[in-house]
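Engineer: Next input, structure requested:
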Amino acid sequence: MVMIRLARVGARKQPYYRIVVIEKDRARNGRSIEVVGTYNPRTNPASVDLKHERIAYWRGVGAQMSTIVAKLVDKNAAPVAPAAA
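Structural biologist: Just a heads-up that it's a prediction; the model follows:
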């Protein structure tokens, strides 16, 4: 099964996370399929950078999101383009 979850990078006591698409059985920081975003909890407010179109693609082919990633995606929804008249 494919998961969208956090992979920790950064120095000791300075966490920085990549949001990655990875096989569920792999280690937390194992080889990922694709990086679809980043999350930095150390900034005020925490900065989140997501590739919404890639997340939608992976969800469409059956990838499951972890609970933390699901909350980040819900909180940082994709910007909606104005409709053409």
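Engineer: going forward, measure contacts between C-alpha atoms and count neighbours the same way
Structural biologist: Will do.
Engineer: any idea of the pLDDT on residue 81?
Structural biologist: Note for residue 81: predicted pLDDT of 66.
Engineer: Residue 8 too?
Structural biologist: pLDDT, read off for residue 8, is 94.
Engineer: can I assume it is in contact with residue 15?
Structural biologist: Yes: shown here, residue 8 and residue 15 form a contact pair, counting by Cα atoms under 8 Å, at 6.6 Å.
Engineer: Which one of those two is surrounded by more residues?
Structural biologist: Shown here are residue 8 and residue 15; by other Cα atoms under 10 Å, residue 8 has more neighbours (16 against 13).
Engineer: what secondary structure does the more buried one sit in?
Structural biologist: strand (DSSP: H, G, I helix; E, B strand; the rest coil).
Engineer: Dig out what it forms beta bridges with.
Structural biologist: residue 17 (DSSP bridges).
Engineer: any chance you could map the helices in the protein?
Structural biologist: Counting by DSSP state H, the chain has helices at residues 52-60, 67-75.
Engineer: Need the ones you listed in a markdown table (columns: distance to residue 44 and mean pLDDT).
Structural biologist: Shown next, in a markdown table, are the helices of the chain (distance: least, Cα to Cα, whole Å; pLDDT from 0 to 100):
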| stretch | distance to residue 44 | mean pLDDT |
| --- | --- | --- |
| helix 52-60 | 22 | 93 |
| helix 67-75 | 15 | 93 |
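Engineer: The ones you listed into TSV, with extra columns for distance to residue 24?
Structural biologist: Formatted as TSV, the helices of the chain follow (distance: least, Cα to Cα, whole Å):
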stretch	distance to residue 24
helix 52-60	14
helix 67-75	14
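Engineer: what residues are up against the residue nearest to the spatial centre of the chain?
Structural biologist: By Cα atoms, centre = their mean, the chain has its centre lying nearest to residue 19, at 3.1 Å. Contact partners of residue 19, counting by Cα atoms under 8 Å, 6 or more residues apart in numbering, are 4, 5, 6, 7, 35, 36, 37, 38, 39, 69.
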